[in-house]
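A.B. asks: after the sequence you'll find the predicted model.
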Amino acid sequence: MEAVCTVSLLDADRLEHAGGLSYLDLLRHRGHGDLPVPDAVVAPASPEEVAEVLRVCVEHDVAVVPFGGGTSVVGGVEALRGPKSAVVALDLAGLGSLVSVDPLSRVAVLQAGITGPEAERLLGEHGFTLGHFPQSFERATIGGFAATRSAGQASSGYGRFEDMVESVRLATPVGEWVVGAAPASAAGPDLKQLVIGSEGQFGVITEVSLRVRPRPYGPRYEGFVVDGWEAGVSLVRSLAQDGVLADITRLSDEHETEVALALAGSKASVVTRYLRFRGVAKPCLVILGWECRSRSATMSSLSGHRVVRLGRAMGASWLHGRYNGPRQRDALLDAGVCVETLETATHWSRVSELRDAVRSALLAELGDAVVMCHISHAYETGASLYFTVLVPRSLEDPVGQWARAKVAASDAISRLGTITHHHAVGRDHQPWLENEIGSIGVDVLRAVKAQLDPTGILNPGKLL
Ligand SMILES: Cc1cc2nc3c(=O)[nH]c(=O)nc-3n(C[C@H](O)[C@H](O)[C@H](O)COP(=O)(O)OP(=O)(O)OC[C@H]3O[C@@H](n4cnc5c(N)ncnc54)[C@H](O)[C@@H]3O)c2cc1C
C-alpha cells in the first residue's frame with residue numbers, strides 16, 4: 001500500500017480516525033464503551049490513487065472506511081471491519097483541488113476532500129459561493145456532504161446539497177463511474193441520486209460537479225418573535241407555501257428560545273420585559289436571513305402574522321454563534337453533561353405531533369432533561385425538526401443512558417417522520433431504515449452494492 005500513497009500506522013493518527021462526533025463517539029474517546037480503531041490511515045492524493053487503493057484493498061480483502069471531515073454524528077465513520085480481518089480509514093483530505101469553474105453555466109468541479117471554508121475560499125476567488133453552510137461547515141467536506149445528503153442552514157435559499165450536485169465522480173471496486181451529464185435528463189432513473197447519500201457503500205466520491213451562485217451582496221439577518229410554537233409553525237408554513245421563505249428560516253420552540261434569551265446575557269432581561277409589554281406569553285424566536293432571496297417578499301407576507309421584530313442585533317448574534325455547536329458540546333461534556341442532537345422531517349399536518357412525541361419519549365427515558373426543538377429547513381409540504389437534549393450524565397452507565405433514549409426517540413420519529421432529514425443513516429439509524437424504505441428498498445440497495453462492491457470492502461456495518 002505504501003507504494004500507492006501515504007499510509008500511517010501511528011497510534012495518534014489511527015485514534016484521530018476512530019469514529020466521528022456523535023455523543024457516543026465522544027464518550028468512547030473518553031473511555032466509555034468499545035472504540036473500534038482502524039489498523040491504518042491511508043491518504044490518497046488523487047482520484048487515481050483512490051482507485052488504486054481500492055484495487056489493493058480488494059486484492060487483500062481489507063475493509064475501507066471513507067473518511068471526510070469525520071463529523072458524522074450517526075456512526076458513519078466508525079472503523080468497523082465486518083467479516084474482514086483488517087480495516088483502513090481512507091482519509092480524503094489530500095483531494096483538495098478546485099478542478100474547474102464554468103462561469104457561464106455557473107458550475108464548479110471540486111474534489112471530495114475540500115472543507116466548507118476552503119470551498120468558499122476557492123469559489124470566492126471566482127466571485128461565487130456554494131451557499132452550503134451546515135453547522136459542521138468548518139470541518140465537513142464536499143465528499144461528506146454528497147455522501148450524506150447534507151442540508152445547510154441556508155437550505156431554503158440555496159437548496160439541500162443534493163440540489164446543487166450536477167455530477168459525481170465515483171471510484172468503485174469495479175471501476176470508475178461518473179453519473180450526471182446535464183442539468184436535467186430523462187435518460188432513465190436518476191442514478192446520480194443513488195450515489196448521493198450512499199454513505200461510502202457504493203464507492204468513494206472523488207469529485208463533485210456543483211451548481212454555484214454569485215456571492216451575495218449585503219446579506220441581512222434579523223430576529224423576530226412569535227407567541228407560541230403553533231403560531232410559529234403556521235408562520236413558517238405560510239412563508240414556505242407562498243414561496244417567500246428567507247434563505248435562512250429558523251423557528252425555535254419556547255424551550256430553545258428561553259435558553260437562547262438566557263445566553264444573550266444582560267440584554268435578555270430587556271428583551272423579556274419588552275416582549276411582556278407586547279403581550280407575548282410564550283416567546284418563540286424566529287431568525288430570518290436573506291442572501292439571495294428577496295427580503296421584501298418575505299416581509300410583506302410577515303405582515304399578515306402577529307410578529308414582534310427584534311431587529312438585526314438578534315440576527316447578528318445568531319450569525320456569530322452559527323458554528324459554535326461542536327465547541328459547546330465539548331465544554332458541556334467536560335462539565336458532566338450529556339448533550340446530543342436528533343433530527344427528522346415530516347409533513348406540516350404532523351409537525352407538532354412529532355415534536356410532542358419525541359419530547360415525551362426523551363423525557364420519559366431521561367427524566368429531568370432539557371429538550372429543545374427548532375425548525376431550520378422548510379418545504380411547501382413540511383419541515384425538519386431538530387432536537388437538542390441536555391441532561392446530567394449518568395455516572396454508572398452513560399452509554400446505556402443515551403442509547404435507551406435514542407431508541408425511544410427514534411421509534412417515535414420513525415412512526416411519524418423520516419429517521420433522518422440530514423444526518424444520514426450510518427450505523428445508528430440503520431435499525432429504522434427498513435421501516436422507512438421497505439424490505440424491497442433494502443434489497444434494491446443491497447443489489448446495487450453487490451454490483452459495485454462485490455467483495456463488500458466498503459464501509460461495513462453502515463446504512464445497510
Ligand atoms: C456539531 C455538528 C453539526 C452538524 N450540523 C449539520 C448540519 O447542519 N447539516 C448537515 O447536513 N449535517 C450536519 N452534521 C452532520 C455531518 O457534519 C454531515 O453528515 C456531513 O455531511 C459529514 O461530512 P464529513 O466530510 O465530515 O463526512 P464524514 O463524517 O467523514 O463521513 C460521513 C459519511 O460519508 C462517508 N464519506 C465521507 N466522505 C466520502 C467520500 N468522499 N466518498 C464516499 N463516502 C464518503 C463516510 O464513510 C461516512 O459514512 C453535523 C455534525 C456535527 C458534529
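C.D. replies: Arrived safely, thanks for sending. Numbering: from 1, shown residues only.

A.B. asks: is the ligand within reach of the helix or strand Val389 falls within?
C.D. replies: Using DSSP states H and E, Val389 falls within strand 382-392. No: Strand 382-392 stays clear of the ligand (CB under 6 Å from any ligand atom), getting no nearer than 8.3 Å. C-beta coordinates here come from the backbone N, C-alpha and C atoms, glycine included.

A.B. asks: over to stretch 30-38?
C.D. replies: No: between stretch 30-38 and the ligand, judged by CB under 6 Å from any ligand atom, nothing touches; the nearest distance is 11.7 Å.

A.B. asks: pLDDT below threshold where in this protein?
C.D. replies: 1-2, 265-266 (pLDDT under 70).

A.B. asks: strands of the stretch 101-250 of the chain, start to end?
C.D. replies: For the stretch 101-250 of the chain, the strands defined by DSSP state E, counting those that start in this stretch cover 107-111, 128-129, 165-172, 175-179, 204-211, 213-214, 220-227, 248-252.

A.B. asks: now the helices: where do they sit in the stretch 1-150 of the chain?
C.D. replies: Ranges of helices in the stretch 1-150 of the chain, per DSSP state H, counting those that start in this stretch, are 11-16, 23-29, 47-60, 116-124, 142-148.

A.B. asks: export the last one as PDB, just CAs?
C.D. replies: As requested, C-alpha coordinates have been extracted for helix 142-148 and formatted as PDB (Å, rounded to 0.1, in the frame of the first residue of the first chain):
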ATOM      1  CA  ILE A 142     -17.600  18.200  -0.200                       C
ATOM      2  CA  GLY A 143     -17.500  14.300  -0.400                       C
ATOM      3  CA  GLY A 144     -19.100  14.000   3.000                       C
ATOM      4  CA  PHE A 145     -21.900  16.400   2.100                       C
ATOM      5  CA  ALA A 146     -22.700  14.400  -1.000                       C
ATOM      6  CA  ALA A 147     -22.300  11.000   0.700                       C
ATOM      7  CA  THR A 148     -24.800  12.000   3.400                       C
END
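
A.B. asks: just give the nearest non-adjacent residue to Leu310, would you?
C.D. replies: Once flanking residues are discounted, Leu310 sits nearest to Gly223: 3.8 Å by CB to CB, 6 or more residues apart in numbering.

A.B. asks: wait, doesn't that neighbour sit right on Gly311?
C.D. replies: Yes: contact criterion CB atoms under 8 Å: Gly223 and Gly311 qualify, at 6.5 Å.

A.B. asks: ok, the two, which is more surrounded?
C.D. replies: Legend: neighbour count by other CB atoms under 10 Å for Gly223 and Gly311, higher for Gly223 (23 against 10).

A.B. asks: would you turn the strands of the stretch 101-250 of the chain into a markdown table with distance to the ligand?
C.D. replies: Shown next, in a markdown table, are the strands of the stretch 101-250 of the chain (distance: least, CB to the nearest ligand atom, whole Å):
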| stretch | distance to the ligand |
| --- | --- |
| strand 107-111 | 9 |
| strand 128-129 | 17 |
| strand 165-172 | 8 |
| strand 175-179 | 12 |
| strand 204-211 | 4 |
| strand 213-214 | 19 |
| strand 220-227 | 16 |
| strand 248-252 | 11 |
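
A.B. asks: rewinding a little: compare the helices of the stretch 1-150 of the chain and report which one is nearest to the ligand.
C.D. replies: helix 142-148 (2.1 Å; CB to the nearest ligand atom).

A.B. asks: next up, the contacts around Gly417.
C.D. replies: Thr344, Ala345, Thr346, Arg350, Leu354, Leu385 (CB atoms under 8 Å, 6 or more residues apart in numbering).

A.B. asks: what packs against the host helix or strand of Leu363?
C.D. replies: Counting by DSSP H and E, the element that carries Leu363 is helix 351-366. Applying 3 or more CB pairs under 8 Å, 6 or more residues apart in numbering; DSSP states H and E, we find helix 351-366 packed against helix 229-241, strand 337-347, strand 370-375, strand 382-392, helix 398-416.

A.B. asks: for those, could you give me TSV that also reports mean neighbour count?
C.D. replies: Formatted as TSV, the helices and strands packed on helix 351-366 follow (neighbours: other CB atoms under 10 Å):
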stretch	mean neighbour count
helix 229-241	20
strand 337-347	20
strand 370-375	22
strand 382-392	22
helix 398-416	19
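
A.B. asks: any idea which of these gets closest to Arg293?
C.D. replies: Closest approach to Arg293 among the helices and strands packed on helix 351-366 is made by helix 229-241 (10.5 Å; CB to CB).
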